[in-house]
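*Asks:* Sharing a model prediction with you, sequence too.
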Amino acid sequence: MNDIALAVIGGTGVYRLPGVTWRDSVEADTRYGRPSGPVRIADIDGHAVAFLARHGEGHGVPPHQVNYRANLQALHDLGARRVLAVNTVGGITEAYGPRVMAVPDQLIDYTWGRISTLCEEPGTEVLHVDFGDPYTEDLRQAILSAGAAAGIPLVAGGCYGATQGPRLETKAEIRRLRRDGCNLVGMTGMPEAGLARELGLDYASLCVVANWAAGCDPQDTEITLAEVLANVDSVIGHLMPIIRGVLDAEKTLGK
């Protein structure tokens, strides 16, 4: 299969594409093992789109145990070359409050102990990829243009801080992230973005802000899973118009 126009990776609360009928389902097995779940294939406006739930369709895989290499390799093996990663995140700075959708342009990796490269096994080629701009700019712009065309407000830019999880961060940790220049905090942005670069995949993140990060809520309320899922659910209807706009941009970009 080599006709995948776009692959979408869904984060917490995004376990399927709304209103989509799957035409195929692939139980992949890669050189790095099995991905988080089946890769679902749908036809959207004449384009083949692959979807993979990062944490599994029942949200059974915590962020530090996601087989990021297998997930991306499975999409690559199916012919995908562009990946729109949906990340459920916390907001740190003012413009990035709950129910905001953002397209970051930078990230900082605070994770540890995760396999973060394709060069892990002895004898594999050592890759030193340029990662100064961690997201593919023309894909970022396609996402932003799709949002504008559909009347969906998206915040352009921002720095994503990737933390280890699965626990949420302390207030002191979030203060550190703020001092470092982070606007958003999540648990899955790395090593996914770096591995995509090593595989030669175009990759960009669409962040759904599900809650204020610790200490950032003016009301200082406790963060609950119910709040997170409700906020994701309130904006997830915007995902399909954005995907359709990105697919339309494929024609212009010649991808």
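*Replies:* Sure thing, it's come through.
*Asks:* Spatially central residue for the protein, please.
*Replies:* Of all residues in the chain, the one closest to the mean position by Cα atoms, centre = their mean is residue 85, 2.7 Å from it.
*Asks:* Am I right that it falls within a helix?
*Replies:* No: assignment of residue 85 by DSSP: H, G, I helix; E, B strand; the rest coil gives strand, placing it outside any helix.
*Asks:* count of residues packed around residue 60?
*Replies:* By other Cβ atoms under 10 Å, 11 other residues sit near residue 60. (Each C-beta comes from the backbone N, C-alpha and C, glycine too.)
*Asks:* what's it in contact with, if anything?
*Replies:* With contact set as Cβ atoms under 8 Å, 6 or more residues apart in numbering, residue 60 has no partners.
*Asks:* Apart from its neighbours in sequence, what residue is nearest residue 89?
*Replies:* Setting aside the residues directly before and after it, residue 89 is nearest to residue 186 in space (Cβ to Cβ, 6 or more residues apart in numbering), at 3.9 Å.
*Asks:* Run a quick check on that neighbour versus residue 207, I expect a contact.
*Replies:* Yes: counting by Cβ atoms under 8 Å, residue 207 is a contact partner of residue 186 at 7.1 Å.
*Asks:* which residues are common contacts for those two?
*Replies:* 87-89, 160.
*Asks:* Including secondary structure and pLDDT, could the residues you listed go into JSON lines?
*Replies:* JSON lines is the format used below for the shared contacts of residue 186 and residue 207 (DSSP: H, G, I helix; E, B strand; the rest coil; pLDDT from 0 to 100):
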{"residue": "87", "secondary structure": "strand", "pLDDT": "97"}
{"residue": "88", "secondary structure": "strand", "pLDDT": "96"}
{"residue": "89", "secondary structure": "strand", "pLDDT": "97"}
{"residue": "160", "secondary structure": "strand", "pLDDT": "98"}
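*Asks:* Can you tell me which of these is closest to residue 81?
*Replies:* residue 87 (20.0 Å; Cβ to Cβ).
*Asks:* so how far is residue 207 from that closest one?
*Replies:* 5 Å (Cβ to Cβ, to the nearest Å).
*Asks:* Ok, residue 133 next?
*Replies:* Where residue 207 is concerned, residue 133 sits at a distance of 17 Å (Cβ to Cβ).
*Asks:* next one: residue 41
*Replies:* 25 Å.
*Asks:* Looking at the two, which has the bigger crowd around it?
*Replies:* residue 207 (28 against 20).
*Asks:* Now for that one: which residues touch it?
*Replies:* 86-89, 101-104, 158, 160, 184, 186.
*Asks:* Break down this protein into its strands, ranges please.
*Replies:* Under the criterion DSSP state E, strands of the chain are mapped to 4-10, 22-26, 39-44, 47-53, 82-91, 101-103, 106-109, 155-156, 159-162, 184-186, 202-212.
*Asks:* What is the fifth one packed up against?
*Replies:* Meaning strand 82-91. The criterion is 3 or more Cβ pairs under 8 Å, 6 or more residues apart in numbering; DSSP states H and E, and the helices and strands that strand 82-91 contacts are strand 4-10, helix 137-149, strand 184-186, helix 192-198, strand 202-212, helix 239-253.
*Asks:* re the thing from before, and the furthest pair within the shared contacts of residue 186 and residue 207?
*Replies:* 88 and 160 (11.7 Å).
*Asks:* Which pLDDT does the model give residue 228?
*Replies:* pLDDT for residue 228: 90.
*Asks:* Check the burial of the closest residue in space to it that isn't next to it in sequence by counting its neighbours.
*Replies:* Nearest residue to residue 228 in three dimensions, chain neighbours excluded: residue 210, at 4.1 Å (Cβ to Cβ, 6+ apart). Residues lying near residue 210 (other Cβ under 10 Å) number 28.
*Asks:* Okay, residue 210 and residue 231: tell me how far apart.
*Replies:* 5 Å.
*Asks:* Poorly predicted segments of the stretch 1-150 of the chain, please.
*Replies:* 1-2 (pLDDT under 70).
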